[in-house]
Every structure is written in structure tokens, then in C-alpha cells.
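Q: what's the 3D shape of this:
(2 chains)
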Amino acid sequence: MDVMKKLEILSDAAKYDASCSSSGSSRGSGSGVGSAAARGICHSWTSDGRCVSLLKILLTNYCVYDCVYCNNRRSNKVERATFTVDEIVDLTINFYRRNYIEGLFLSSGIIGDEDTTQELIMRVVKKLRLEYGFNGYIHTKAIPGASRELIRQTGMYSDRLSVNIELPSEKSLKLLAPEKTRENILKPIKYIGEEYENYLVEKGKNKKLPEFSPAGHTSQLIVGASPESDHQILKLTENLYDKMKLKRVYYSAYIPVNNHENLPAVNVKPPLTREHRLYQADWLLRLYGFKAGEILSEKDPFLREEYDPKVGWSLNNLDIFPVEVTRASYELLLRVPGIGITGAKRIVYYRKNSILNFDSLKKMGVVLKRAKYFITLHGSYLDSFMLDRDLLTRKLSDTRDTQLKLF
Amino acid sequence: MNYTYDGTFEGLLSVVFTVFEKRDSRAVIEKKRDGALFGGIYVDTDISKAERVYKKLCRVAGQKEANRLYTAFLSERSGIENTLLAYIRGVIEEKSSIERIYMDAVVEVERFSLRVVREAHRFKGFVRFRRLSDDTYYAIIEPECNVLPLVESHFTERFSDQNFVIHDMGREAALVYSKDNRKGYIARLTDINEELISYSSESTLLHTDEERYIDLWRGYFEAVSIEGRKNLRCQQNFMPKKYWKNLTEVNMK
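A: A predicted model of the protein is given here:
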């Protein structure tokens, strides 16, 4: 089979992995080719509006597993292909030199057994780094069940490692991926977390320490293939951030590819709005100081489609509003819908020496259209109205469908 | 009084020096154009004067703000010279930083600077090299702002082991890098060099490998799009049509 055909098959099979991030590592080129930019760089955008930053491919779409949600399950009749190590290296280098990409994202089905697969991945990254002096970005998969040593070596030459959680609960795994166990999946995640933390600690003491996944590690789970609530998902996410030290969790709206009694029907549309709301809630966890239990509860376990999770939280906590902008703490400002991180920082900075007015808030990047219901400035509102739950719900709902389609 | 200069940042700062020297409070600055009727005093570019102005700005307003003036200048918006002059007046007259945030010139400089910086960041991704038969990697770009000075170090660092040329068609300028002396420089097309002109002409031969990798890249780009999530508006939000002409994967010519 020629490389073109393989590339078609193995990039098509890899595209459901949501991460395209190339940020978090910063590296000069030294003697070889390439560098990693701390900010990450997007090179193109596909017709579905996702950024193309990395050459995202599978090493192979052969797989010994038979997970019912996956297009590459062994019982599916799909065309199969496997790249050689040299083919991947050649594509990566040549795409990189033409500035098509930031680097490589290499995932794989399980061919032979876990160790064989992990070793192939490791050989690709080793060859790129050591033989070709490649300094671009590399994101690879750690295969659950592969030996610790192989994962460690893969991590030494990768900027980022990830293990996909796949499904949010053990029960769903049993139903949809009966050959995988939660314990097996969590083991490498935990191990990578340990190695990564160790790397961060030791790095300060020893400049020559080999790298280990310097851009951190991530995971992805599928939303909508199984019945878990958003509350369960956010709890899990919170755990992954706190206990396993993940950099990011990605959510992938399930796109039906197989017919199976345990799955949504093939004609069901992927839950894109739900995915989008989960990402918003994820930001609240990572950057806004929210706890999963504040955003949702067992009694109220789903995010609303009509408004974002921060609005949802404020509607449930109207008693703490209005917030007085001239005095409120940074943390409290962050909780106001319409005030983001930049806005809150600027407010705290500028209010020290100058008298704020609503116009200056606008200039600082505060979205008054939303914030005005929740803030007072020198004791007064922008407009007069009531902090009324029903009224606010109406005013703050996304009525324009187009706004959601953006994501 | 009206002044003209040679179109460089150093030239503009030289005018600013002269304006302050003459205490001219009604100065208007414009880039010198050949055959223009605009009658103004042409101020020669004087690096030492320009440096004095720049250093003063760094001292009073800080390196970051001074650099912001430069990036805003690269927007090449008509009238940007006078906005920058107003900004510099504000700085030199030592208004406190709080008062200045509300000055129109400051807002404008920030806006244009951001526009330039953003476009420069975009072009770190939007450059597409073609490998030529002499092993040079050649790319054409047509950005709105003058981004080459801002992406120079990024590309020379990243591709330090290959010869490359990034050709800004609209400005007739190019970033030329040679791996042998490991140095890059921005050349005006008029100053140099037949070699560069030949790159942009159609007679240039592509490397025998080139068509193959173009096809592979286009094939890859097609394959990773997810039909069920099609969203062309979103795509064009991030990658406006004005840039498509030079992007191999969306321009099929």
C-alpha cells in the first residue's frame, strides 16, 4: 500500500482525538531542525473549524480490542493499514520543513500486544529526536497495559503524553469496552503523573536531567456514548486535575459510527452543545477557582444548554450579588458573568489609583451586557432592575443558535 | 509644519526628534512618496537621533510600551505616524500612566499594535514553503501588516539548518536565510538580487519531491475534516479567505 493511501486511512482514524494543542513546551533548535513555541501555533483550520497544528495519525488502525463505540474495533470491516517507523519519520520531517505543522501527534490501535505497540511508538519518537535532531512538538499515547519502562522512555522524547480515559465510569467501560478495565487505564495515568511531578522537582536541581513529557499529560473522554451525567464527568475531571496532575482533559462528543444495542442510534447527532458547555465548565475548574460541586450537584446533574455554566452558578447564588466592583476580591470578581481573567486583573490594578466608571470597565474588557445585572459601582447599578431569577434567566440565555455553532 | 521621512521606523523617530527640537506643536508627518505634491520638509534618517528618542521612551514609559510603538508602526496604517507622535508627546510630557490609558492615541496604538502582533502570530502558521530544485525552501506571503520583522527570529531559529526565503509579495521584501553563514536578513526586492526574482517566477523548478508532499499534505487535510461537524464559518473566522491564496491545502491551483 502506498503512503498516500495509508495517510488517508490512518489520519481519518485519528481525527476523533480532540487535542490539537502544541503549547506548553519551549525549546530552541540547537543543531537540528525545529523548535517548540510556548504559545503553540495553529497552521490551518479544517472545514469543521478545528485547528490543524500537529500531524495527527495512528501508527495502525489494526486493533486487538473490540470496543463497541470505536470505528477501529476488530470486528468492524474497515480498511486497515500500518505505517512503518520510517514512513512516519519521513512525513513528519517533510511536513515540518514546509511549515505545514508544529509536530507530531501519534496514537495507535493495539497491534500484537500493548508492549509491541508502545515500543513502535517509542522507536518513532526516538528516531525523530536522536537521528534527525527533530525539536518540534511531539504528543504520544501511553498504552494502558504497556510496561512502565517503555512508557518512561516514550515520555523522555515526547512533549506530552496522554492516556484516554475513554468512558466516564467503570460501568460504561464494562458495557462498551468489556476488554478494558478502569484500573488498567488509570495505572499509566497515575504513573505518568508521578514521573512528571518528579521531573518538575528534579529539573530545578539538575539542568541536564532528561526531559519527561515537559508539556504535561492529558486525557480524553467520550461524551454521549454512555449515560453519565455532567456532574459525574466534572467530578472525574476534578479528580484527574487534583490527584493525577493532568494539564487538560478533553471531551469528545460521541459521533455514532457503529450500530450496537448499548449505543445511541447511528442517526443521533453528536451532542456538540453539551461538549461546548463541558469545556466551559472545565475552564471554571482550571482557571476560575470553581469546584465541581459548586457547578452541579447530584440533584441538578446536567449543565444547561441555554446558558453557560458560570451564569448557571450565579443564578443559583443570587444572594451573593450584587458585587461592588471597587471593593470585591479578585476571586469574587472572577465569579461575575461577563468578567474574565483579564478584566478582573485590570480592575484590581486600575482601581488602586483611579476612579472607575462603567465606560472604563468596558474598555478593560468587561462585558457589561452580562455583568451589569451582577455588579454595582460606587454603590449603584448601571440600569435599574431587580435581581430576579426568571428575568435573568431570560436575559442571559443564548437565543442565537449561531453563537453555539461557532464551536 | 509638514514633514516627510523615508518610511522606516528610525526615519520616523528622526522626525520626532526634529519636531521636539523645534517645539513644533502642529507637526504633521507623512511618508515620502515619489512625485507626491505633499510639500513637506524631508528629514534625513539619523540613527543616533532615533536612538535617543527610543531610549527616552524606554526610560519614561518602559521597554514594553516603546516596543508597542514599533509594532503599531508596522501596521502601516495611513496616519499612524501622527498617532504615534501624539502618543510620544503624552509620554514625554510625563502624564501618569492612569491618565494616559484614556488618551485616544494610546487606545489606537494598543489596537494597531495588537492587530500587528496577532497577524504576525498567524503567519508563524500560515507560511507554506515549497522546496525548490536548488534545495531552497521558498514561500510567498501577502499579509496586511509588515510582519516579516516580527517573525524573523522565529523562522531563523526553527529552520536554522535549511536555506529559505519568505517573500512578502505586496511589499516586495523578503526574509532570506542561508544555513551556511547561519544568518537571515530582510531584503528589499529592489536592492537584490536576480536570484530572488527568479524564485517568484514560474520558470523556477520545484524539487522532484515537492509535488508528492503537496499531494500528501492536501490528502491529509481532506481526511482530517469531520463531515458531521462541518462549520465553514468557524473555519473562516480563524483562517480568513484573504489568506487562502497562498495556503497549499485550500488553494488547489
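Q: list, one by one, the residues from the stretch 51-200 of chain B near chain A.
A: B:96, B:98, B:101-102, B:107, B:121, B:124-131, B:137, B:139, B:154, B:157-162 (Cβ under 8 Å from any Cβ of the partner chain). C-beta coordinates here come from the backbone N, C-alpha and C atoms, glycine included.
Q: mind checking pLDDT for residue 31?
A: Went with chain A since none was named. Residue-level confidence at A:S31 comes out at 70, pLDDT.
Q: not quite, go with chain B.
A: The score at B:K31 is 88. That number is its pLDDT.
Q: separation between it and A:V125?
A: Computed with Cβ to Cβ, to the nearest Å, the distance linking B:K31 and A:V125 is 51 Å.
Q: do A:K310 as well
A: Note on A:K310: its distance to A:V125, by Cβ to Cβ, is 39 Å.
Q: just the ones of the residues of the stretch 51-200 of chain B next to chain A in helices?
A: B:I98, B:V107, B:H121, B:K124, B:G125, B:F126, B:H154, B:E157, B:R158 (DSSP state H).
Q: rebuild the residues you listed as CSV, extending it with neighbour count and pLDDT.
A: What follows is those, written out as CSV (neighbours: other Cβ atoms under 10 Å in any protein chain shown; pLDDT from 0 to 100):
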residue, neighbour count, pLDDT
B:I98, 13, 51
B:V107, 15, 80
B:H121, 19, 95
B:K124, 20, 96
B:G125, 25, 95
B:F126, 23, 96
B:H154, 17, 94
B:E157, 16, 92
B:R158, 26, 94
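Q: so where's chain B uncertain?
A: Counting by pLDDT under 70, chain B has low-confidence residues at B:35-38, B:94-103, B:190-204, B:253.
Q: in what helix or strand does the residue of it found nearest chain A lie?
A: Going by Cβ to the nearest Cβ, chain A is nearest to B:C234 of chain B, at 2.9 Å. Under the assignment given by DSSP states H and E, the secondary-structure element containing B:C234 is helix B:232-238.
Q: that helix: which residues count as buried?
A: By neighbour count, and taking 16 or more other Cβ atoms under 10 Å in any protein chain shown as the criterion, the buried residues in helix B:232-238 are B:C234, B:Q235, B:Q236.
Q: now swap in stretch A:235-251 and tell me
A: For stretch A:235-251, a neighbour-count test (16+ other Cβ under 10 Å) marks A:235-238, A:240-241, A:244-251 as buried.
Q: residue ranges of the helices in chain B, please?
A: Under the criterion DSSP H, helices of chain B are mapped to B:9-21, B:47-61, B:63-73, B:80-92, B:97-100, B:104-126, B:148-158, B:194-200, B:210-224, B:232-238.
Q: contact partners of stretch A:370-379?
A: Stretch A:370-379 has contacts (Cβ atoms under 8 Å, 6 or more residues apart in numbering or on different chains) with A:311, A:314, A:321-326, A:336-339, A:356-358, A:361, A:381-383, A:385, A:387, A:392, A:395-396.
Q: can you do 6 Å?
A: Where contact means Cβ atoms under 6 Å, 6 or more residues apart in numbering or on different chains, the residues beyond stretch A:370-379 that reach it are A:F321, A:P322, A:V323, A:E324, A:V325, A:V336, A:P337, A:G338, A:I339, A:L382, A:L392.
Q: pLDDT on it, on average?
A: In this model, stretch A:370-379 has an average pLDDT of 90.
Q: which residue ranges make up each domain of chain B?
A: Per the record, chain B has its domains at B:2-119, B:127-246, by automatic domain parsing.
Q: how about those in JSON lines, adding distance to A:L59?
A: JSON lines is the format used below for the domains of chain B (distance: least, Cβ to Cβ, whole Å):
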{"stretch": "domain B:2-119", "distance to A:L59": "36"}
{"stretch": "domain B:127-246", "distance to A:L59": "15"}
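Q: of all those domains, which lies closest to A:N135?
A: Evaluated over the domains of chain B, closeness to A:N135 peaks at domain B:127-246, with 8.3 Å, by Cβ to Cβ.
Q: on that earlier part again, okay but the residue of chain B closest to chain A is in contact with A:C51, surely?
A: No. B:C234 lies out of contact with A:C51 (Cβ atoms under 6 Å); the separation is 10.3 Å.
Q: now the one helix or strand A:T116 maps to: mean pLDDT?
A: Secondary structure here is read from DSSP H and E; on that basis A:T116 sits in helix A:114-126. On average, the pLDDT along helix A:114-126 is 96.
Q: could you do stretch A:86-106 as well?
A: Taken as a whole, stretch A:86-106 carries a mean pLDDT of 96.
Q: stretch A:5-25 and chain B in contact?
A: Yes. Applying Cβ under 6 Å from any Cβ of the partner chain, one finds that stretch A:5-25 is in contact with chain B at A:L7, A:E8, A:S11, A:D12, A:K15.
Q: now rank those residues by neighbours and give me the top one.
A: Neighbours here are counted as other Cβ atoms under 10 Å in any protein chain shown. On that basis the top member of those is A:L7, with 23 neighbours.
Q: so what's that residue up against?
A: Under the criterion of Cβ under 6 Å, 6+ apart, the contact partners of A:L7 comprise B:L216, B:G219, B:Y220.
Q: now do 8 Å
A: Contacts were defined as Cβ under 8 Å, 6+ apart; by that measure A:L7 touches A:I57, A:L91, B:L216, B:G219, B:Y220, B:A223.
Q: likewise A:G293?
A: Taking Cβ under 8 Å, 6+ apart, we find A:G293 in contact with A:K235.
Q: so it is in which element?
A: Assigned by DSSP H and E, A:G293 falls within helix A:292-295.
Q: how many residues are close by whichever residue of the stretch 301-407 of chain A sits closest to chain B?
A: Residue nearest to chain B within the stretch 301-407 of chain A (Cβ to the nearest Cβ): A:S354, separated by 4.4 Å. Neighbour count for A:S354, taken as other Cβ under 10 Å: 15.
Q: that's a strand at it, yeah?
A: No. Read with DSSP: H, G, I helix; E, B strand; the rest coil, A:S354 is coil and lies in no strand.
Q: perfect, I'm done here.
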